[in-house]
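A.B. asks: Compute the structure for the input listed below.
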Amino acid sequence: MPAKRATSLWVPVDARSGTELRCYRRRAPLLTIRAGRPSLLVTLTVPERIEAGHVEFARQLAASAAAYAVEVERRYLALLRAPMPKEVTA
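C.D. replies: Numbers count the residues shown, from 1 in each chain. A predicted model of the protein is given here:
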C-alpha cells in the first residue's frame, strides 16, 4: 500500500495574526484565518447546499483547533513555570 501524501504549510504566527467568523442571514458563514509574515489569508466557506461532509469537515476543524489551543496553552504555562536562569557574576 503506498504511503499517504500530505501537504503541510508552515507560517510563523505573530501579534498581527488572528481568526474571524462572519455569519450572514442569507448566505454561508465565512471563517477567515490570518497568520504570519509574509501574510497568509485563508477563508473557508461552504456552498449554498450543505451536505453531511461539510458538517464533518467543520467538526474535524473545530476538534483540531481545540487540540491545538490546548497544546499551545500547555507549552505557555510550562514556560511560565520554568526557573529563571541565574545571572553570572564576575
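
A.B. asks: Does Arg16 touch Pro38 like I think?
C.D. replies: No - Arg16 lies out of contact with Pro38 (CB atoms under 8 Å); the separation is 11.4 Å. Where C-beta positions appear, they are placed from N, C-alpha and C, glycine not excepted.

A.B. asks: More neighbours: these two, which one.
C.D. replies: Neighbour tally, Arg16 and Pro38, criterion other CB atoms under 10 Å: the higher count belongs to Arg16, 10 against 6.

A.B. asks: quick one: contacts for that one?
C.D. replies: Arg34, Arg37 (CB atoms under 8 Å, 6 or more residues apart in numbering).

A.B. asks: again with Ala28
C.D. replies: The contact partners of Ala28, by CB under 8 Å, 6+ apart, come to Thr45, Val46, Pro47, Glu48, Ile50.

A.B. asks: And for Arg27?
C.D. replies: By CB under 8 Å, 6+ apart, the neighbours of Arg27 are Glu48.

A.B. asks: secondary structure element for it?
C.D. replies: Element membership for Arg27, per DSSP states H and E: none, as it lies in no helix or strand.

A.B. asks: between the contacts of Ala28, which has the most around it?
C.D. replies: Going by other CB under 10 Å, Val46 tops the contacts of Ala28 with 17 neighbours.

A.B. asks: Need the phi and psi values for Val70.
C.D. replies: Backbone torsions of Val70, given as degrees, to the nearest 10, read phi -60, psi -40.

A.B. asks: Relative to Ala63, how far out is it?
C.D. replies: 11 Å (CB to CB, to the nearest Å).

A.B. asks: Could you do Pro12 as well?
C.D. replies: 24 Å.

A.B. asks: sec struct for the residue nearest to the spatial centre of the chain, please.
C.D. replies: Nearest residue to the geometric centre of the chain (CA atoms, centre = their mean): Ala65, 5.4 Å. Here Ala65 is recorded as helix under DSSP: H, G, I helix; E, B strand; the rest coil.
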